[in-house]
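Visitor: what's the 3D shape of this:
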Amino acid sequence: MRRTAFTLVELLVVIAIVGILVGLLLPAVQAARESSRRMQCGNNMRQVGLSLFNHEAATKRLPPLGDYQTSGTTVYWSIHARLLPYCEQSAVYNVINFALPINQQPHVAKLRIPHLLCPSEINDRERPDGPTFTHYPHNYGFNAGLWKIYAPPMAIGTGSGVFTVNHAQRLRDIVDGTSNTLGVAEVKAFTPYLRDGGNPSNEASVPKSPAEMIAFGGEFKLDSGHTEWVDARIHQTGFTTTFRPNTPCLFTYQGKLFDIDFNSMREGRSNSVPTYAAVTSRSYHAGLVQTLFMDGSIRAISNAIQLEIWQAFGTRAGGEINSMEDN
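Guide: Numbering: from 1, shown residues only. Modelled structure (predicted):
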């Protein structure tokens, strides 16, 4: 009896067809996965928003972007930490002693808070900070406005954003309208930045380009920004609207290119030098960042948004929206 089987040519043809089908299906599978991750990211941001509005309903105030008047330490607790009891994280909140600095409570700083991490973040991992201390990153920064963050020693509500240093804003302070004002936006973990150079010296020096920002100089800190969910400082748990979303701010260090942020003087490090910052909203979602507006809506903002509109969204009382409508 004759045995029937595939010939070698037939087998090669079948393998080729299977390879083509896999090649056609793979992009669709990857797109479906990214769509799912983006949806989960939006759900995370919605949970941050709910905790924020629950805090406001309970206290009649929004949390401040750090309190540098009463703590007397060099590290200050973040909005994320303040919101813990309003997002089903009371167990973590209850072990924090807010009267003590973060560096005395390593058991808190190293915790991974799941809803603070975008599923697309490629650096969902601990960051060692010295031989015995560990931090955990996050992906959702709070809106500190355009550029000026803090004017020590006791300046109240200096920044133009919704969240300001040493002052708890109220919803009624958002006179541009909650639907026109950013609350939270995506940020990337492990972002390098320039810090503590002390320049510029005045508020009018808003950089018009990343090159102008980099020219202010400072100490280069590698892989640190947005790696400490417990830390109130702007480069850790905030963002600014100095530049459009995902704007590359390229800085060369030891022959390598890095996409960086900028903090002229870390809050709490000087009693006289003000803080100016360019902390760009970034994400791993192609062409956009996800945002929470102060009316509770989740919106995807394109990288191509006009800079004037993005900066207007960043102010709580700038009047820019009305002026643009009038024009």
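Visitor: Run through the helices of this protein in chain order.
Guide: Using DSSP state H, the helices of the chain run over residues 8-59, 79-82, 90-93, 106-109, 210-215, 234-237, 307-313, 320-326.
Visitor: okay, the residue nearest to Arg170 when sequence neighbours are not counted: pLDDT?
Guide: For Arg170, the nearest residue in space outside its immediate sequence neighbours is Arg61; the separation is 5.9 Å by Cβ to Cβ, 6 or more residues apart in numbering. Backbone N, C-alpha and C define where each C-beta goes, glycine included. Looking at Arg61, its pLDDT is 94.
Visitor: One more: Val14?
Guide: For Val14, the model assigns a pLDDT of 79.
Visitor: Next, count neighbours for it.
Guide: The criterion is other Cβ atoms under 10 Å. On that basis, Val14 has 11 neighbouring residues.
Visitor: Also Ile17?
Guide: Every residue meeting other Cβ under 10 Å relative to Ile17 is counted, giving 10.
Visitor: OK, contacts around it?
Guide: Shown in contact with Ile17 (Cβ atoms under 8 Å, 6 or more residues apart in numbering): no residues.
Visitor: Please report the number of neighbouring residues for Arg233.
Guide: When counting by other Cβ under 10 Å, one arrives at 27 neighbours for Arg233.
Visitor: check contacts around the closest residue in space to it that isn't next to it in sequence.
Guide: Counting by Cβ to Cβ, 6+ apart, Glu267 is the residue found nearest to Arg233 once chain neighbours are left out, at 5.1 Å. Under the criterion of Cβ under 8 Å, 6+ apart, the contact list for Glu267 reads 66, 68, 76, 149-150, 152, 165, 232-234, 275.
Visitor: Make TSV out of those residues and add pLDDT and distance to Arg195.
Guide: Written out in TSV, the entries for the contacts of Glu267 read as follows (pLDDT from 0 to 100; distance: Cβ to Cβ, whole Å):
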residue	pLDDT	distance to Arg195
Gly66	86	16
Tyr68	78	17
Tyr76	85	16
Ile149	93	13
Tyr150	90	14
Pro152	83	16
Val165	91	16
Ala232	94	15
Arg233	94	10
Ile234	96	10
Thr275	93	10
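Visitor: So which of those wins on neighbours?
Guide: Of all these, the highest neighbour tally under other Cβ under 10 Å goes to Ile234, namely 33 neighbours.
Visitor: Please name the spatially closest residue to that residue (chain neighbours excluded).
Guide: Nearest-residue entry for Ile234: Ala277, 4.6 Å, with adjacent residues in sequence omitted and distances by Cβ to Cβ, 6+ apart.
Visitor: Equivalent analysis for Pro128, please.
Guide: Here the nearest residue to Pro128 in space, its sequence neighbours aside, is Thr134; by Cβ to Cβ, 6+ apart that works out to 5.6 Å.
Visitor: from memory that neighbour sits against Arg125, does it?
Guide: No - contact status for Thr134 versus Arg125: not in contact, 10.2 Å apart, counting by Cβ atoms under 8 Å.
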